[in-house]
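Visitor: Please work out how this folds:
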Amino acid sequence: MTPELIYDDIGSYPLPEGTSKEWIERAFAMPGDDAVYTMIEDAMWQKLNAGVELPTYPQFQHMIAQFSEPMMDDTKTEEPLLIRYEAARIIELEALERMAARYKAERGERLKLRVCVTGPIELYYSQFQPPVYMDMMLNIAKSVCRFIKHSIEHARNYEVRCVSIDEPSMGLDPRIEEGEAVIKALETAAQFTLQKGIDTQIHLHSPIFYELVCQVDGISVIGLESAANPSVLQLVDREVLERYDKYLRVGIARTDILSMAAEYDEQHHTRAFSDEAILKRIIDDYNNPERVKQRLKHAHSIFDDRIKYAGPDCGLRAFPSQALAFRLLKNTADGIKKWKRTIRQT
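Guide: Numbering: from 1, shown residues only. Here you go, the predicted model:
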């Protein structure tokens, strides 16, 4: 049984209506902009009101540039690609301090957050071609660790309960090979959370490298995108997880909105992206609470107490509106509640 299972989300969220990517880039270049802070606060309240138990700070920036650009800035680094600790800032977390103070005053407890950072493997291969130069790889990994450390040590009104290292290309990019370089880079990135005993997830788009990841001491939870592709559950061996004492985060709500819309349009001869009402039907069809519950039930039947977190497969940035993203998060919350009620009755 897993009654303590935690509902989290991956992070990215649609921009508010009328907000352009260009405006976001300019606004984040001037930290402290009240309009940006308000936008981040509003998105976080949406996640909480939808029922997400451990929300990730709303990610509106580019997942690579947010971390790579400061690492490439000579004024913010002490060595090539090694960011200075004081420059390893995640602006979204700074923006949430005001909202977290209100949350603490109203609810009598600190806001609990999940922090997501782009991993060293992803960052390295976004900038360089093989072969891997370990001095550069390790400086990137140390920089990732400093972003994590800064976010935890500078928290005043919120509490970081989980950190996720996002490595979407592992197992998909043929340039990335299994080996000690990957293990060492991930161990370096997760060093601080290991010291603090904070859960560290790795978010993968493919489970091919999961056995290699099991060898990384600092990573305790392996994330699987299993709602859109349930067959990935068959690629993971529960005995391997138990041997290394690792847990899973399972995806139980599909987030591939473009694929869902294409499938629905073909079946129903509609044009989903021309009508938000159709998109609402698609979300309710593919991700209604009963479907969410059944996906979690299926994963639980295979892995039982090795599942520690569950939520949407991936981020929601591609969703056409925040209302649709909220609907997906709310359906997921309702599905998890239905599953927990069932578990308690057995």
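Visitor: Which helix or strand in the chain has the lowest average pLDDT?
Guide: helix 21-28 (a mean of 87; mean pLDDT, DSSP states H and E).
Visitor: May I see the buried residues of that helix?
Guide: Residues 24, 27-28 are the ones in helix 21-28 that count as buried (16 or more other CB atoms under 10 Å). For glycine as for every other residue, the C-beta is placed from the backbone atoms N, C-alpha and C.
Visitor: for stretch 41-59, same thing?
Guide: Of all the residues in stretch 41-59, those buried under the rule 16+ other CB under 10 Å are 41, 43-44, 46-48, 50-59.
Visitor: Show me where the stretch 1-150 of the chain has its helices.
Guide: Taking DSSP state H, counting those that start in this stretch as the criterion, the stretch 1-150 of the chain contains helices spanning 21-28, 34-50, 65-71, 91-107, 120-127, 134-153.
Visitor: looking at the ones you listed, which is closest to residue 198?
Guide: Ranking the helices of the stretch 1-150 of the chain by proximity to residue 198 (CB to CB) places helix 134-153 first, at 7.2 Å.
Visitor: coming back round to it: direction-wise, compare the least confident helix or strand of the chain with helix 34-50 and give the angle.
Guide: With axes from the mean of the first three to the mean of the last three CA atoms, to 10 degrees as the basis, helix 21-28 and helix 34-50 are set at 110 degrees to each other.
Visitor: Just name the most buried of the helices of the stretch 1-150 of the chain.
Guide: helix 120-127 (a mean of 23; mean count of other CB atoms under 10 Å).
Visitor: if we can go back for a sec, and which of the buried residues of stretch 41-59 is nearest residue 281?
Guide: Nearest member of the buried residues of stretch 41-59 to residue 281, counting by CB to CB, is residue 50, at 18.7 Å.
Visitor: what about this protein, any weak spots by pLDDT?
Guide: 1-3, 31, 346 (pLDDT under 70).
Visitor: Centre of it to the edge, which residue is at the far end?
Guide: In the chain, residue 269 marks the outermost C-alpha relative to the chain mean, sitting 33.6 Å out by CA atoms, centre = their mean.
Visitor: quick one: that residue and residue 146, what's the gap?
Guide: The gap separating residue 269 from residue 146 is 53 Å, by CB to CB, to the nearest Å.
Visitor: any idea how far residue 155 lies from residue 51?
Guide: Counting by CB to CB, the gap from residue 155 to residue 51 is 23 Å.
Visitor: One more: residue 268?
Guide: 29 Å.
Visitor: what's the answer for residue 178, then?
Guide: Residue 178 sits at a distance of 38 Å from residue 51 (criterion: CB to CB).
Visitor: Equivalent analysis for residue 37, please.
Guide: Distance, residue 37 to residue 51, by CB to CB: 24 Å.
Visitor: Which one of the buried residues of helix 21-28 is nearest to residue 76?
Guide: When those are compared for distance to residue 76 (CB to CB), residue 28 comes out closest, at 14.7 Å.
Visitor: from memory that closest one sits against residue 90, does it?
Guide: No. With contact defined as CB atoms under 8 Å, residue 28 does not reach residue 90; the gap is 10.8 Å.
Visitor: State the three-state secondary structure for residue 165.
Guide: Residue 165 falls in the strand class when you classify it by DSSP: H, G, I helix; E, B strand; the rest coil.
Visitor: For it, which non-adjacent residue is spatially closest?
Guide: Excluding its sequence neighbours, the residue lying closest to residue 165 (CB to CB, 6 or more residues apart in numbering) is residue 119, at 4.2 Å.
Visitor: State which helix of this structure is the longest.
Guide: Criterion DSSP state H: the longest helix present in the chain is helix 322-345.
Visitor: for it, the distance to its chain's centre please.
Guide: 18 Å (CA atoms, centre = their mean, to the nearest Å).
Visitor: quick one, it and helix 34-50 angle?
Guide: Using the same axes, to 10 degrees: helix 322-345 against helix 34-50 is 30 degrees.
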